[in-house]
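J.: Kindly return the folded structure for what I paste below:
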Amino acid sequence: MTPGETAAAIAALAVGIYLIAASLGAVQLAVNQLVGLAVGVFGAAYILAGRTRESAFWGGVLAILGVAVAAGGGAPPLFLLGVILVFVSLFALVAGRR
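T.: Residues are numbered from 1 along each chain as shown. Reported below is the predicted structural model:
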């Protein structure tokens with residue numbers, strides 16, 4: 001499997017688990033959280049599966065976008081800054097291993 005296919009499978013698994021949890025009443029179903037989860041998990045999985053500078057960069061961008069979408073625009077700026085720092089450091093670590 002390619003890194004993109006692996007990341008898509010992991011994202012689909014995460015969305016499936018979220019939908020099961022929502023149907024059982026464990027979490028409240030929200031579209032922004034569903035989309036944010038899918039995009040964020042895909043990005044993080046793409047960073048780890050690709051292990052190239054390009055996959056680290058684009059995976060990091062998607063992961064940051066996913067967290068921002070899941071927060072629904074109501075996240076405090078400090079939280080988003082922390083998320084950006086985490087994924088930038090992941091990008092640097094993955095890019096440095098090449």
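J.: Centroid-nearest residue for this protein?
T.: The centroid of the chain falls nearest to residue 40 when counting by Cα atoms, centre = their mean (1.6 Å).
J.: Just the element for that residue, please.
T.: helix 31-50 (DSSP states H and E).
J.: avg pLDDT for that helix?
T.: Helix 31-50 carries an average pLDDT of 91.
J.: and the next element down the chain from it?
T.: Later in the chain than helix 31-50, the nearest helix or strand by DSSP H and E is helix 53-71.
J.: ok, back up a step: pretty sure the residue nearest to the centre of the chain is touching residue 70, no?
T.: Yes: at 6.4 Å, residue 40 counts as touching residue 70 under the criterion of Cβ atoms under 8 Å. Quick note: C-beta positions are derived from backbone N, CA and C, even for glycine.
J.: Sketch out the low-pLDDT regions of the chain for me.
T.: Scanning the chain for pLDDT under 70 picks out 73, 95-98.
J.: hang on, the earlier thing: please name the residues that touch the residue nearest to the centre of the chain.
T.: 62-63, 65-67, 69-70 (Cβ atoms under 8 Å, 6 or more residues apart in numbering).
J.: Neighbours of residue 14, how many?
T.: Look at residue 14: counted by other Cβ atoms under 10 Å, it has 18 neighbours.
J.: Hmm, I typed the wrong one, I wanted residue 13.
T.: Around residue 13 there are 12 residues (other Cβ under 10 Å).
J.: sorry, back to before: any idea which of the contacts of residue 40 has the most stuff around it?
T.: Highest neighbour count within the contacts of residue 40, by other Cβ under 10 Å: residue 63, with 25 neighbours.
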